[in-house]
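Engineer: I'll drop the sequence and a predicted model, then ask my questions.
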Protein chains: 4
Amino acid sequence: MNPTRLEAFSDGVLAIIITIMVLELRPPHAAEWSALRPLWPVFLSYVLSFVNLGIYWNNHHHMLHVTRHIDGAILWANLHLLFWLSLVPFTTAWMGENHFAAVPTAVYGAVLLLAAVAYFVLQRTIIRSQGPHSVLAAAVGRDRKGKVSPVLYAAAIPSAFVDPRISGALYAIVALMWLLPDQRIERVVAARGAADHPAP
Amino acid sequence: MNPTRLEAFSDGVLAIIITIMVLELRPPHAAEWSALRPLWPVFLSYVLSFVNLGIYWNNHHHMLHVTRHIDGAILWANLHLLFWLSLVPFTTAWMGENHFAAVPTAVYGAVLLLAAVAYFVLQRTIIRSQGPHSVLAAAVGRDRKGKVSPVLYAAAIPSAFVDPRISGALYAIVALMWLLPDQRIERVVAARGAADHPAP
Amino acid sequence: MNPTRLEAFSDGVLAIIITIMVLELRPPHAAEWSALRPLWPVFLSYVLSFVNLGIYWNNHHHMLHVTRHIDGAILWANLHLLFWLSLVPFTTAWMGENHFAAVPTAVYGAVLLLAAVAYFVLQRTIIRSQGPHSVLAAAVGRDRKGKVSPVLYAAAIPSAFVDPRISGALYAIVALMWLLPDQRIERVVAARGAADHPAP
Amino acid sequence: MNPTRLEAFSDGVLAIIITIMVLELRPPHAAEWSALRPLWPVFLSYVLSFVNLGIYWNNHHHMLHVTRHIDGAILWANLHLLFWLSLVPFTTAWMGENHFAAVPTAVYGAVLLLAAVAYFVLQRTIIRSQGPHSVLAAAVGRDRKGKVSPVLYAAAIPSAFVDPRISGALYAIVALMWLLPDQRIERVVAARGAADHPAP
């Protein structure tokens, strides 16, 4: 079984998730500049979710690129990830429409946390099926980013009740961490990873 | 004619069906925990339908994987299956919004039953076109699950008028039956199937 | 340039068109059998459009299967077809919600007529680019169905003002004409076509 | 890394964007010809955006066709383009529902301008990664159209406050410029390009 159809289906679901989010950005009735102002929180949460889903698509793309064969466990771990990502339009809209109120902002983080855990489970499932010496196992290495992201999301959930801006900042930091090119970090991780787990 | 485009089109339709269901999960206006409580039945019916469509996608994937060529009958049997599956978002929303009332819960089962029958018809159509000694015919074997599922769905329809929770339990049992790894069952089926239908 | 991406894009658009139509089938508020009764015209128009789009997908599939290379004219003729098909959810919903009233039923036919013309233009564009001795030119032959369909659609438009049921019957006849297996018709067409246009 | 999955994902997003726009064309309640009249501005803006997205898909198709390998910068430049294009349904609906009022017409142009800039950035990113002697660098040449389009969009934004019809005409001119076959223009551009940048 080859990963092509899994990729195609995941691409389809991700493309739809990323696009239906924009349906929440409803055209205002008035035709004035001021009519756009109340849309800012909705727009901002759309941008945040677009970037997050873009990162997931990007990482998913790279992960499946080094996956040779697909079994039932991988199929279901992938659907599990897509399930949590499919809730992102809901939490994005709820957070945006309520101007980053505490509860919706915390729930937004909870769904991102569950998606990050689902991604981690999918990665483990693929590595288990491909073997510990596979390209993916080597490429993932110690997976600093993958481990830091859920920690920051978990911290963002209670922070929303202190000040939702802290949570917003944490969501932005995770996104930037994945967006910025990190050859230096990767080189360090690679070097340390090589020391910790000598190549076979 | 090769099955690639049939797969791609079916994947597209399934990905959209699975994703537009989440549009029914409308963000509440209030920004409080209590605002999420009335969404539970909608969320629960979404989870149930997501899993069911995931199972269909998974099985469809395996079935087309061993299909060598596509003819007009297969194309239409496939569209027939997609038609019934396309009604799942409607029945999911109706059942969820009415807190698993009797009639919507029965209609939900009726659409799943018709989809299961359509899947069976598609399977027969492919086997007929590929020949009785094809990989698919052997893989399907006696097809216990495929025969038990419609029976349980058919039982769930009248059960909804006794207590919709019985129907809900039956829908969950069918889903779990397909989800749980069943090497043991498959081995038994394979052994019995081998006794009943000696390999050519 | 190969036709794979044109197929993939058209499949995506067709899959979305076919699926968003079901969004018009809104779950009723009441949880009773009687609540489904007012949905019948919407459901019936959905079935009709699902079958029509299925036929387009099917024919499009076969046509591109024998297309070797794609040029700019084909790309735009294909987008032209997708444009008219993208209006089908609108006309389907308008006709269904108005219980097959005269004007929406006529407009439904007008969009199908324009789609049929666009399909014919696409077919001519492909044949022109592939050459008169191409597989497509031979397969199309005299193209009885392709010529009869627009005539019936054109007849259905004024008929809606006499009795919309006449238009409905004409739409159903065109759909059945494409659905029913027609080896006999095709053989006749092939024989006559061979007499009229001797093979090179 | 090959461009196939990037194409597939972009196709998915573009297909969805192009199709959800039609959801704004809501079926009127009345079943009369006159009920269609208020839909004209919505329909007209739909046609304009359909053609624009068709042009983007077409050009994107050609650009990726001559792209050999994909890196992280290209992935993100592509997502950046898709982000601005994903806002087209919003601006299309706002402009259409407000009968081409000044502000929405200007915002429509602003999003098209940002999409055109994003396309230019994506093109530069691909050329940088493929090398100055790549097929894409040669095919793009001096890229007259690609440079004129953003200028016309930028002109259309202030023009909307003089008369939105000027902006509408400018949007139509850009679309026609890309739609009309321009072998003659391309030949001139090619000749001048050859004089300016002698081939290696």
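Structural biologist: Received it, and whenever you're ready, just let me know what you need.
Engineer: for chain A, what's the longest helix?
Structural biologist: Assignment by DSSP state H gives helix A:102-130 as the longest helix of chain A.
Engineer: The next helix or strand after that helix close to chain D?
Structural biologist: Per DSSP states H and E, the first helix or strand lying C-terminal to helix A:102-130 is helix A:135-140. No. Figure legend: helix A:135-140 not in contact with chain D (CB under 8 Å from any CB of the partner chain); closest approach 12.7 Å. Backbone N, C-alpha and C define where each C-beta goes, glycine included.
Engineer: what inclination does the following helix or strand past helix A:135-140 have with respect to helix A:102-130?
Structural biologist: Downstream of helix A:135-140, the first helix or strand assigned by DSSP H and E is helix A:144-162. Interaxial angle, helix A:144-162 versus helix A:102-130 (axes from the mean of the first three to the mean of the last three CA atoms, to 10 degrees): 160 degrees.
Engineer: For the next helix or strand after helix A:144-162, enumerate the helices and strands it packs against.
Structural biologist: Heading C-terminal from helix A:144-162, the first helix or strand you meet, by DSSP H and E, is helix A:164-179. Using 3 or more CB pairs under 8 Å, 6 or more residues apart in numbering or on different chains; DSSP states H and E as the contact criterion, the elements in contact with helix A:164-179 are helix A:40-65, helix A:102-130, helix A:144-162.
Engineer: ok, is the longest one in contact with chain B or not?
Structural biologist: It refers to helix A:102-130. Yes. Contact of helix A:102-130 with chain B (CB under 8 Å from any CB) involves A:102-104, A:107.
Engineer: returning to that earlier point: return the set of buried residues in the longest helix of chain A.
Structural biologist: Residues of helix A:102-130 classed as buried: A:102-123, A:125-127, A:129-130 (neighbour count, 16 or more other CB atoms under 10 Å in any protein chain shown).
Engineer: Close to chain B: what parts of chain A are there?
Structural biologist: Chain A comes close to chain B at residues A:1, A:5, A:8-9, A:12-13, A:16-17, A:20, A:23-24, A:72, A:75-76, A:79, A:82-83, A:86-87, A:89-90, A:93-94, A:97-98, A:101-104, A:107, as judged by CB under 8 Å from any CB.
Engineer: Any of those residues buried? List them.
Structural biologist: For the residues of chain A next to chain B, a neighbour count by 16+ other CB under 10 Å gives the buried set as A:5, A:8-9, A:12-13, A:16-17, A:20, A:24, A:75-76, A:79, A:82-83, A:86-87, A:89-90, A:93-94, A:97-98, A:101-104, A:107.
Engineer: Out of these, name the ones that lie in helices.
Structural biologist: Per DSSP H, these map to helices at A:5, A:8-9, A:12-13, A:16-17, A:20, A:75-76, A:79, A:82-83, A:86, A:89-90, A:93-94, A:97, A:102-104, A:107.
Engineer: Quick check: the closest residue to A:Ala137 other than its chain neighbours vs chain D, distance?
Structural biologist: Nearest residue to A:Ala137, sequence neighbours excluded (CB to CB, 6 or more residues apart in numbering or on different chains): A:Ile127, at 5.0 Å. From A:Ile127 over to chain D the distance is 20 Å, taken as CB to the nearest CB, to the nearest Å.
Engineer: is it true that A:Ile127 touches A:Leu136?
Structural biologist: Yes. Here A:Ile127 reaches A:Leu136: they are 5.7 Å apart, a contact under CB atoms under 8 Å.
Engineer: looking at it, A:Phe64 is touching A:Pro3, isn't it?
Structural biologist: No, residue A:64 isn't Phe; it's Leu. Yes. Counting by CB under 8 Å, A:Leu64 touches A:Pro3, with 5.0 Å between them.
Engineer: And whichever residue of chain A sits closest to chain C, what's its pLDDT?
Structural biologist: Relative to chain C, the nearest point of chain A is A:Gly12 (7.8 Å; CB to the nearest CB). On pLDDT, A:Gly12 comes in at 88.
Engineer: contacting residues for the closest residue to it other than its chain neighbours?
Structural biologist: Leaving aside its sequence neighbours, A:Gly12 sits nearest to B:Ala15 (CB to CB, 6+ apart; 3.4 Å). With contacts defined as CB atoms under 8 Å, 6 or more residues apart in numbering or on different chains, the neighbours of B:Ala15 are A:9, A:12-13, A:16.
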